[in-house]
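K.L.:
sequence and predicted structure, then a few things I'm wondering about:
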Amino acid sequence: MNQPLLNDRYIKAALQQPTDRTPVWMMRQAGRYLPEYRELRAEAGSFMDLCTNPELACEVTLQPLRRYPLDAAILFSDILTIPDAMGLGLYFTPGEGPAFKNPVRNAKEIAALPIPDPNQELKYVTDAVSTIRHELKGEVPLIGFSGSPWTLATYMVEGGTTKNFSQVKGLMYEQPQVLHQLLDKLADSIITYLNAQVEAGAQALMIFDTWGGVLIPRDYQEFSLRYMSKIVQGLVREKDGQQIPVTLFTKGGGKWLDLMAATGCDCLGVDWTTNLSEARQIVDGKVALQGNMDPSILYGSDERIRQEVETILASYGHGSGHVFNLGHGIHQTVDPEKAGVFVNAVHELSKKYHIQ
Ligand code: CP3
């Protein structure tokens, strides 16, 4: 039996309900900037060895929560688990990031891709979710996640990280229907995967569209947003009487917030290139907002960090509907002490923006 949620600020804020202060968590809060992560990873072997072992994935998820008073935990895993489970053969090379042994580039290869079964090939993920839920003891909610279809497709077609998206954009411009086939299959896989995470105990969901911002507006709607919208429509949004908030995050998507809000999600992630005050005006109460401090502020002095937190809180303004976060993942060379300064500053400085 899972314990009742003791700190529900994150859930409430993502659903635009009142809280006593602004909740805070950090994208990539578990990871290489933490010495205890690096130590465990060295013992385990590789990053995927951590992800595929539920006890180790749980331990890594909890590491940042032991250091900082965060308002949410995020499952330790990766967005590339789905393509790996489809048979693409995920591997990581130091300094070069993720890559696939078997990229997919044509209609035949795409048609042959299976929709992974979350209770078979991806059971290590749902097992990690239930282990983490149990170990969290209701302290804070657990966020489950996936990549967006477009973002996963970029890695699957390119075979790894890319600078100019030549393969995937080549496919998009020359054979759009083939790319649509892939995106549709990914959307179906993601719906099944995220619903399985909820079934296993995830209390909120987030979709990372890291590469939506490289598309021209028309293509963003056709090749990225359309499939995120399909996912939002297919997700289970309530479990045991609790709503499951869904957050969409398109990096560089500040100019499309109105369209994103229309998908029916609960919250939008915003990077640091958009002012939260403008974002709030645009979404006009339809959704909550998450963000949006430049992660590089954490290279600044303690005072500079506090000042930036204050500026962002003031930019959002009074009332509910703000989840404080960085505008993208924390950098691996950040001093862990600075992350503590950031989290504490949000705790301390946000109280005055909420009715006590
Ligand atoms: O936020 C969290 O704490 C949860 C864990 C998480 C990871 N990856 C752990 C990870 C999440 C939510 C992700 C999502 C992810 N993975 C995204 C979308 C979010 C974003 O940052 O835009 C993307 C694009 C990926 C793909 C990926 N996986 C990349 C680009 C890398 C870095 C590769 C490198 O060598 O720099 C990874 C590996 C990865 N995922 C690490 C972690 C902690 C580092 C692994 C290691 O070397 O220990």
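P.N.:
Cool, the structure landed. Numbers count the residues shown, from 1 in each chain.
K.L.:
quick one: low-confidence parts of the stretch 1-150 of the chain?
P.N.:
Scanning the stretch 1-150 of the chain with the threshold set as pLDDT under 70 gives 1-2.
K.L.:
flag every residue of the stretch 1-150 of the chain that's near the ligand.
P.N.:
Taking C-beta under 6 Å from any ligand atom as the contact definition, the stretch 1-150 of the chain meets the ligand at 27-32, 41, 47, 74, 76, 78-80, 92, 97-98, 145, 147. (Each C-beta comes from the backbone N, C-alpha and C, glycine too.)
K.L.:
check these for burial and list the buried ones.
P.N.:
Listed as buried from those are 27-31, 41, 47, 74, 76, 78-80, 98, 145, 147; burial here means 16 or more other C-beta atoms under 10 Å.
K.L.:
for Gly327, what are its contacts?
P.N.:
Contacts here follow C-beta atoms under 8 Å, 6 or more residues apart in numbering; on that basis Gly327 touches 270-273, 291-295.
K.L.:
neighbour-wise, which one of those residues leads?
P.N.:
Val270 (27 neighbours; other C-beta atoms under 10 Å).
K.L.:
in this structure that residue contacts Gly291, no?
P.N.:
Yes - Val270 is in contact with Gly291 according to C-beta atoms under 8 Å; the separation is 3.8 Å.
K.L.:
quick one: common contacting residues for those two?
P.N.:
Jointly contacting Val270 and Gly291 under the rule C-beta under 8 Å, 6+ apart are 276, 279, 327.
K.L.:
between these, which is closest to the ligand?
P.N.:
Nearest to the ligand out of the shared contacts of Val270 and Gly291 is Gly327 (C-beta to the nearest ligand atom; 10.6 Å).
K.L.:
and that closest one, how far from Leu276?
P.N.:
For Gly327, the distance to Leu276 equals 10 Å [C-beta to C-beta, to the nearest Å].
K.L.:
can you give me the pLDDT of the one residue in the stretch 251-356 of the chain that gets nearest to the ligand?
P.N.:
Nearest residue of the stretch 251-356 of the chain to the ligand (C-beta to the nearest ligand atom) works out as Gly329 at 4.2 Å. pLDDT for Gly329: 97.
K.L.:
got the phi and psi for the residue nearest to it when sequence neighbours are not counted?
P.N.:
Using C-beta to C-beta, 6 or more residues apart in numbering and skipping the chain neighbours, the partner closest in space to Gly329 is Arg28 (3.3 Å). Main-chain torsions, Arg28, degrees, to the nearest 10: phi 60, psi 30.
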